[in-house]
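Peer 1: Turn this into a structure:
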Amino acid sequence: MKLLSLEFFKCRRRKIVLVCAAVLAVELMWMLTFFTRQDEEDMQWGWMLLLYNLSMVDAIVLPLSVATLASRSCELEHRGSTWKLLETMAAPDSLYAAKLGWGALVLAALLSIRTGLFTGLGLAVGFPGPVPWGRLGLFTLVSWAVSMMAYALQQGLSLRFANQAAALVCGIAGSFLGILSMLFPPALTRCVPWGYYGLLALVGMNWDEMTRVTDFYWRWPQLTDIALLLVWGTAFLLLGRAMFLKKEV
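Peer 2: Modelled structure (predicted):
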């Protein structure tokens, strides 16, 4: 707990709040622009339409956002060349876990606020039907789980390389592959870590080519995909930890 609290203390001037606010602003502007272009018939899908498009927005925005947060957390030690000093006071394992815990809490706060923000937007717009609190909560949990899988990868890169360009380029590639993978067949999407934002979406879409009518439906993530997400996350976690433990200080 002491190391975790120190992580928050070290990051107090890293403009983390500003980064999170920028993420929320981008997603909010994206969704507001989208909703202003919908007709009354489309808006009847309400909460389904919101969650379907949020999955797509997450696939674009969150990979780079996660990379930025991981970079902001790790670059301070690189700049100050303080790894040797830190490892005389705490085990590398503990340092790695503290940074991972910091990322988990920051992402949980960011995505919880995002869910509250868009719930308020749905109520303000007047989506029909009751608020699907269970679905919104599950969507937040899924977004957090996929983001933590990506965060484990990004933290490993940010800790390994002093030049944060490597981690940020990976995040940019993740944003590109995340949205592109939504066009892939599911078997191929499972091979793209950032594709799980769309793969585990809670809303599916049907488009009738003959009538040109689009309809949405609730769906549940497959247990196989959840298991694969855990495999990806565990692999990135162990790989990042191994690279950090072998890092010369």
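Peer 1: quick one: secondary structure of Tyr217?
Peer 2: Three-state assignment for Tyr217 (DSSP: H, G, I helix; E, B strand; the rest coil): strand.
Peer 1: The closest residue to it other than its chain neighbours: neighbour count?
Peer 2: Leaving aside its sequence neighbours, Tyr217 sits nearest to Gly204 (C-beta to C-beta, 6 or more residues apart in numbering; 5.3 Å). For glycine as for every other residue, the C-beta is placed from the backbone atoms N, C-alpha and C. A count of nearby residues for Gly204, using other C-beta atoms under 10 Å, gives 12.
Peer 1: Could I get the contacting residues of Gly204?
Peer 2: Tyr52, Phe216, Tyr217, Trp218, Arg219 (C-beta atoms under 8 Å, 6 or more residues apart in numbering).
Peer 1: Quickly list what the second one is bridged to.
Peer 2: Beta-bridge pairing for Phe216 (DSSP bridges): Met205.
Peer 1: Report how many residues lie close to it.
Peer 2: With other C-beta under 10 Å as criterion, Phe216 counts 17.
Peer 1: Ok, the third one next?
Peer 2: For Tyr217, the neighbour count with other C-beta under 10 Å is 11.
Peer 1: my guess is it contacts Val203, does it?
Peer 2: Yes - between Tyr217 and Val203 a contact is recorded at 7.1 Å, counting by C-beta atoms under 8 Å.
Peer 1: nearest residue to Arg190 other than its sequence neighbours?
Peer 2: Leu228 is the one closest to Arg190 (C-beta to C-beta, 6+ apart), at 5.6 Å.
Peer 1: From Leu180, how far off is that neighbour?
Peer 2: Using C-beta to C-beta, to the nearest Å, Leu228 is found at 19 Å from Leu180.
Peer 1: for Thr119, what are its contacts?
Peer 2: Counted by C-beta under 8 Å, 6+ apart, Thr119 has contacts Val131, Leu136.
Peer 1: Need the per-residue pLDDT for it.
Peer 2: Looking at Thr119, its pLDDT reads 93.
Peer 1: The one 10 residues further on too?
Peer 2: The confidence metric pLDDT takes the value 85 at Gly129.
Peer 1: can you count the residues close to it?
Peer 2: Gly129 - counted by other C-beta under 10 Å - has 10 other residues nearby.
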